[in-house]
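In: give the three-dimensional model of this entry:
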Amino acid sequence: MNRPLNTCRQVARAWLLAALCCLSLQAAADELRIVTEELPPYNMTQNGQITGLSTEVVRAVLKEAGVQASIQSMPWARAYDIALNTENVMIYSITRTSQREKLFKWVGVIAPTNWYLFSRADKNIKLKKLDDARSLQTATVNEDAGEQYLVGKGFALGKNLQSSSKYELNYEKLKLGRVDLWVANELNAMYLARQAGDDPAQVLVHALPLNDLGSTGGLDLAFSLKTPDAVVDRFRKALETIKKNGTYDSLQKKWL
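Out: Below you'll find the model as predicted:
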């Protein structure tokens with residue numbers, strides 16, 4: 001006679017656990033912290049608002065996932081450190097590398113990118129391979145993928161690498177002749193040259209492509225390791241959805 005009652009209790013308990021799980025997931029999503037940097041035209045602050053190609057993709061993903069969260073822009077090294085050591089943190093636009101692979105939970109590509117060593121057009125610097133750059137001075141950004149890549153290849157800060165906190169400072173260094181090379185992704189380099197009133201085709205030379213910098217051919221969206229898997233999966237599905245329904249492509253066409 002007690003079996004139906006016990007069964008009802010088990011069903012009720014299962015529903016309660018499922019409801020609590022959903023509430024916990026929503027709470028984690030609602031407490032999400034999003035960090036990025038000033039990397040135009042991917043992420044940048046204009047008129048007090050964070051915008052850019054990657055930012056618009058992230059906002060579309062947030063909308064699809066049904067999550068509201070503010071975005072904070074800060075120097076890359078600080079954003080990177082927060083994402084490494086804090087729970088429920090999303091970071092973008094981040095290059096997925098072998099060095100970073102196990103440091104984050106990866107969602108997917110949100111924008112295309114190509115990395116190069118750039119030189120000044122009037123300097124006639126010839127690079128056939130990366131080793132040719134070891135005797136030259138290269139501008140980098142603190143803890144970004146370009147700097148980490150070169151350090152991993154045996155370059156050294158203070159020796160043949162000059163690190164800055166802002167990308168535009170590196171373009172200025174290159175223009176003024178304070179460095180010989182600048183490691184940067186192509187869209188960012190072209191954008192900064194134009195913002196400075198220069199024609200990139202006249203000022204910059206793609207001295208050496210860095211085809212092995214990054215494993216996805218783009219800039220990614222990722223989460224800190226202390227973020228629940230269910231939250232990451234929710235955003236991964238949301239990114240897949242906006243890529244299938246045309247939203248992603250329309251944003252790429254708008255900015256590229």
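In: in the helix or strand containing residue 252, which residues are buried?
Out: Counting by DSSP states H and E, the element that carries residue 252 is helix 247-255. Buried residues in helix 247-255, counted by 16 or more other Cβ atoms under 10 Å: 247, 248, 251, 255. To be clear about C-beta, it is placed using only N, CA and C from the backbone, and glycine gets the same treatment.
In: how about the third one: what's its closest non-neighbour residue?
Out: In this case it means residue 251. Using Cβ to Cβ, 6 or more residues apart in numbering and skipping the chain neighbours, the partner closest in space to residue 251 is residue 56 (5.1 Å).
In: ok, the one you found to residue 77 distance?
Out: Using Cβ to Cβ, to the nearest Å, one gets 25 Å for the distance from residue 56 to residue 77.
In: of the two, give the one with the bigger neighbour count.
Out: Applying other Cβ atoms under 10 Å to residue 56 and residue 77 shows that residue 56 carries more neighbours, namely 21 against 16.
In: so that one belongs to a helix, correct?
Out: Yes. If the criterion is DSSP: H, G, I helix; E, B strand; the rest coil, then residue 56 is within a helix.
In: who's in contact with it?
Out: Residue 56 is in contact with 251, 254, 255, counting by Cβ atoms under 8 Å, 6 or more residues apart in numbering.
In: among those, which one sits closest to residue 93?
Out: Using Cβ to Cβ, residue 255 is the member of these that lies nearest residue 93, at 12.2 Å.
In: wait, doesn't that closest one sit right on residue 40?
Out: No. Using Cβ atoms under 8 Å, residue 255 is not in contact with residue 40, being 10.5 Å away.
In: can you list residues touching both of the two?
Out: Once Cβ under 8 Å, 6+ apart is applied, the residues that residue 255 and residue 40 both contact turn out to be residue 52.
In: in a strand, residue 83, correct?
Out: No. Secondary structure assignment places residue 83 outside any strand; it is helix (three-state DSSP).
In: contact partners for it?
Out: Taking Cβ under 8 Å, 6+ apart as the contact definition, residue 83 lies against 35, 89, 90, 91, 94, 104, 222, 223, 224.
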